[in-house]
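**Q** Everything below, folded, please.
(4 chains)
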There are 2 protein chains.
Amino acid sequence: METLEGLEGRSLTVAELVNVLRSAIVGGELVPNQRLVEADLAAEYRASRGNIRAALAELTVEGLVERVQNRGARVRAVSVEEAVEITEVRAALEALCARKAAERITDAEASELQELAKRMKDAVERGDRDSYSESNQTLHARVIEISAQQTAAATIHRLRGQAVRFQFRLARQPGRPAVSLPQHLAIIDAVCAHDPDAAAEAMRVHLESVADVIRSTHA
Amino acid sequence: METLEGLEGRSLTVAELVNVLRSAIVGGELVPNQRLVEADLAAEYRASRGNIRAALAELTVEGLVERVQNRGARVRAVSVEEAVEITEVRAALEALCARKAAERITDAEASELQELAKRMKDAVERGDRDSYSESNQTLHARVIEISAQQTAAATIHRLRGQAVRFQFRLARQPGRPAVSLPQHLAIIDAVCAHDPDAAAEAMRVHLESVADVIRSTHA
DNA sequence: ACATTTAAGATTGTCAACAATTTCTTGTAC
DNA sequence: GTACAAGAAATTGTTGACAATCTTAAATGT
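**A** So this is what the prediction gives:
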């Protein structure tokens, strides 16, 4: 993720602007529905309006920005229904990744996941939310890496950016670890046991339960 | 899909250019790896270079065009491995759609699908490739529509554009209908029977078999 | 003949000005 | 006081010009 520091003098390129603006939106500095006036952004980020415009166009295709003809751009506000849909798509895609990971995981990678399982159990026992949340993210990321599915990985990543706001509140839900820990352990077991069907189903069930939580907390 | 006719005089807007260029790429008028020189395209399509440039940027995010810094754009050549990955992602996503469709299908929609099943059987019996191929596309499209999953639908549509070249050759494969017809019928049966798990699995198996064909024909 | 350098041409990257559209403000009639 | 209309301000859409970069080809030296 790029920042603004250390770029004195010269103005930002389009690619840089895309990264800066994406970080600002995903990071919450630019809030949903906030208007994105090209001239203002150009002044704020020391860029020409043309480049700001090009960056906004790219972020529109990525789904982070919404544009209306002759009315400009806003940070796209993702509705609860959309967040649920996005999570369900993630469920399907990460299930695919879990399946592939179970097929091609090496012994070294397996013991790495076992180690992660231990860390997660420990964290929940100690009530260490931050450590558990971090291991959680690591698990999902590692399964995707092990699966070696470029297309699925790219799609998951893009969608995650859109729904990150909902994900965030979720982790702080009381009693959530008690539900998700066994699901995470089931995923690790199935992947390490080279059982593609079980791995896919465990991942799908896990993320469908996340979708259920989003549904119910915002009903 | 937009064309060039009936737009005399005025030059094309960015949104129009995106559609025109997308059609040209997906339709095969612009072949993989073909260089896309901004000035040339501007002359060809009666647009300013700036607009061509913006359109190419959007198509790059969509995955249809590839750009290298200071070296311009080309039509992205999708490798066999990528086509397989794309089909597997489609398998996961259309399986999700089949699952949702099975949950929410109405009686009217069910009899529509039954009708389609009959047409497919007839077409295969008569050896009518074109009719079968058309019904095939209709089936996939209708299942997605019935599922009412916007996010999944948009993702599937984008990916299909990238791999359309491989899909095309596939339909002409001899003996293919004999394999795919029972798969299609199984999908229709499960969706109409309101059996989400069976519908998802039937769709997944069907598209995984498509992925296998792509793998083997290009090995 | 081969490798290196240098210049020319082609192409992309950036910018600032202009045109078109929308939104806001003010004035007027009822 | 409200509704409507006209003008001003703000904002986006488009274009052409200029700068930066890469590619090609000729020129030079060994």
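**Q** contacts, neighbours, all on C-alpha from now
**A** OK.
**Q** wait, does the helix or strand where A:Ala83 lies make contact with chain B?
**A** Assigned by DSSP states H and E, A:Ala83 belongs to helix A:80-104. Yes: Helix A:80-104 lies within reach of chain B by CA under 8 Å from any CA of the partner chain, at A:Glu82, A:Glu85, A:Ile86, A:Glu88, A:Val89, A:Ala92, A:Leu93, A:Leu96.
**Q** Give me the buried entries from those.
**A** When the residues of helix A:80-104 next to chain B are checked for burial by 16 or more other CA atoms under 10 Å in any protein chain shown, the buried set is A:Glu82, A:Glu85, A:Ile86, A:Glu88, A:Val89, A:Ala92, A:Leu93, A:Leu96.
**Q** which residues touch the first one?
**A** Shown here is A:Glu82, whose contacts under the criterion CA atoms under 8 Å, 6 or more residues apart in numbering or on different chains are B:Thr151.
**Q** go on, the second one?
**A** Counting by CA under 8 Å, 6+ apart, A:Glu85 touches A:Ala211, B:Gln149, B:Gln150, B:Thr151, B:Ala152.
**Q** Can you select the buried ones among these for me in ChimeraX?
**A** The ChimeraX selection below is limited to those of the contacts of A:Glu85 classed as buried (16+ other CA under 10 Å):
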select /A:211 /B:149,151,152
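**Q** check whether the helix or strand of chain A with the lowest mean pLDDT contacts chain B.
**A** None of the helices or strands of chain A scores lower by mean pLDDT, DSSP states H and E than helix A:150-171, at a mean of 92. Yes: for helix A:150-171 and chain B, the contact criterion (CA under 8 Å from any CA) is met by A:Gln150, A:Thr151, A:Ala152.
**Q** ditto for stretch A:12-25
**A** No: judged by CA under 8 Å from any CA, stretch A:12-25 stays clear of chain B, getting no closer than 9.9 Å.
**Q** what's the answer for stretch A:210-219, then?
**A** No: figure legend: stretch A:210-219 not in contact with chain B (CA under 8 Å from any CA); closest approach 13.7 Å.
**Q** Now that stretch: buried residues?
**A** In stretch A:210-219, counting by 16+ other CA under 10 Å, buried: A:Val210, A:Ala211, A:Val213, A:Ile214.
**Q** before we move on, the earlier item: of all the buried ones among the residues of helix A:80-104 next to chain B, which comes closest to B:Thr106?
**A** A:Glu85 (20.8 Å; CA to CA).
**Q** domains for chain A, by residue range?
**A** What automatic domain parsing lists as the domains of chain A is A:14-75, A:80-217.
**Q** Dump these to TSV, plus distance to B:Val143.
**A** Converted to TSV, those look like this (distance: least, CA to CA, whole Å):
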stretch	distance to B:Val143
domain A:14-75	24
domain A:80-217	16
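**Q** now for the ones you listed, which one comes closest to DNA strand C?
**A** DNA strand C lies closest, by CA to the nearest atom of the strand, to one member of those: domain A:14-75, at 4.2 Å.
**Q** Now do the least confident helix or strand of chain A: which elements does it pack against?
**A** helix A:14-26, helix A:80-104, helix A:196-217, helix B:80-104 (3 or more CA pairs under 8 Å, 6 or more residues apart in numbering or on different chains; DSSP states H and E).
**Q** Dump the C-alpha coordinates for that helix into PDB.
**A** The C-alpha coordinates for helix A:150-171 follow below in PDB (Å, rounded to 0.1, in the frame of the first residue of the first chain):
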ATOM      1  CA  GLN A 150      -4.400 -16.800  -9.900                       C
ATOM      2  CA  THR A 151      -7.800 -16.000 -11.300                       C
ATOM      3  CA  ALA A 152      -9.700 -16.900  -8.100                       C
ATOM      4  CA  ALA A 153      -7.100 -15.100  -6.000                       C
ATOM      5  CA  ALA A 154      -7.500 -11.800  -7.900                       C
ATOM      6  CA  THR A 155     -11.300 -12.000  -7.800                       C
ATOM      7  CA  ILE A 156     -11.400 -12.700  -4.100                       C
ATOM      8  CA  HIS A 157      -9.000  -9.800  -3.500                       C
ATOM      9  CA  ARG A 158     -11.000  -7.300  -5.400                       C
ATOM     10  CA  LEU A 159     -14.300  -8.300  -3.700                       C
ATOM     11  CA  ARG A 160     -12.700  -8.200  -0.300                       C
ATOM     12  CA  GLY A 161     -11.800  -4.600  -0.800                       C
ATOM     13  CA  GLN A 162     -15.500  -3.800  -1.400                       C
ATOM     14  CA  ALA A 163     -16.800  -5.500   1.700                       C
ATOM     15  CA  VAL A 164     -13.900  -4.800   4.100                       C
ATOM     16  CA  ARG A 165     -16.100  -2.500   6.200                       C
ATOM     17  CA  PHE A 166     -18.400  -5.300   7.200                       C
ATOM     18  CA  GLN A 167     -15.600  -7.800   7.800                       C
ATOM     19  CA  PHE A 168     -14.100  -5.300  10.300                       C
ATOM     20  CA  ARG A 169     -17.100  -5.100  12.600                       C
ATOM     21  CA  LEU A 170     -17.500  -8.900  12.500                       C
ATOM     22  CA  ALA A 171     -14.300  -9.800  14.200                       C
END
